[in-house]
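**Student:** Model the structure of this input:
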Amino acid sequence: MSGFRQIDHTADLALQLWAPSEAELLRVGARAIVSTLTGGAEVRADATRSVSVDALDGEDRLVQWLNEIIYAAVTTGFVTASADIELGATSLTATLHGEADASAKIETELKSVTYHELKLEHTGDGWCAQIVIDV
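**Tutor:** Numbering: from 1, shown residues only. This next block holds a predicted model:
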């Protein structure tokens with residue numbers, strides 16, 4: 001099983017993510033970001049965009065990846081519906097499938113995913129993470 005839920009946080013937005021694999025956790029994180037940005041609006045997957053991330057470690061990769069999803073939506077209006085992800089030791093290469101010029105669907109402004117209270121863990125059941133988003 002994979003999914004996400006909002007958790008209480010004093011100032012910003014905090015989310016918990018879980019999935020059976022790290023790649024799926026990254027996809028769940030992207031869905032959580034898009035759901036938050038759009039208020040759960042349906043997003044078509046009729047356009048693509050490439051993303052590459054070189055990170056220090058898995059936590060840094062998670063933050064950079066989610067910030068790429070936010071950046072694409074906020075700067076160009078590209079809203080991600082799904083992603084094909086390939087992971088290296090600390091790198092990520094992905095093809096985003098989504099809706100180009102969908103800025104009208106963005107209801108909530110997100111600034112960036114932060115390193116504050118960031119957690120990424122491999123458990124016996126898969127992967128889980130906690131992220132805090134500056135809103």
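**Student:** can I assume residue 129 is in contact with residue 25?
**Tutor:** Yes. With contact defined as CB atoms under 8 Å, residue 129 counts as touching residue 25 (6.1 Å). C-betas here are computed from N, CA, C, even on glycine.
**Student:** what do these two both touch?
**Tutor:** 17-18, 62 (CB atoms under 8 Å, 6 or more residues apart in numbering).
**Student:** Now intersect the residues you listed with the helices, please.
**Tutor:** Mapping the shared contacts of residue 129 and residue 25 onto helices (DSSP state H) picks out residue 62.
**Student:** Looking at the shared contacts of residue 129 and residue 25, which is nearest residue 34?
**Tutor:** The closest of the shared contacts of residue 129 and residue 25 to residue 34 turns out to be residue 17 (CB to CB; 13.1 Å).
**Student:** Please enumerate the helices of this protein.
**Tutor:** Under DSSP H, the chain gives helices at 22-38, 58-71.
**Student:** Alpha carbons of the first one, as PDB, please.
**Tutor:** Taking C-alpha atoms only, helix 22-38 is exported to PDB below (Å, rounded to 0.1, in the frame of the first residue of the first chain):
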ATOM      1  CA  GLU A  22      11.600   4.300  -2.700                       C
ATOM      2  CA  ALA A  23      10.600   5.000  -6.300                       C
ATOM      3  CA  GLU A  24       6.900   4.600  -5.400                       C
ATOM      4  CA  LEU A  25       7.400   6.900  -2.400                       C
ATOM      5  CA  LEU A  26       8.800   9.600  -4.700                       C
ATOM      6  CA  ARG A  27       5.700   9.200  -6.900                       C
ATOM      7  CA  VAL A  28       3.400   9.400  -3.900                       C
ATOM      8  CA  GLY A  29       5.200  12.500  -2.800                       C
ATOM      9  CA  ALA A  30       4.600  14.100  -6.200                       C
ATOM     10  CA  ARG A  31       0.900  13.100  -6.000                       C
ATOM     11  CA  ALA A  32       0.700  14.700  -2.500                       C
ATOM     12  CA  ILE A  33       2.200  17.900  -3.800                       C
ATOM     13  CA  VAL A  34      -0.100  18.100  -6.800                       C
ATOM     14  CA  SER A  35      -3.100  17.300  -4.700                       C
ATOM     15  CA  THR A  36      -2.200  20.100  -2.300                       C
ATOM     16  CA  LEU A  37      -1.500  22.500  -5.100                       C
ATOM     17  CA  THR A  38      -4.700  21.800  -7.100                       C
END
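**Student:** Before I go, just wanted to say thanks for your time.
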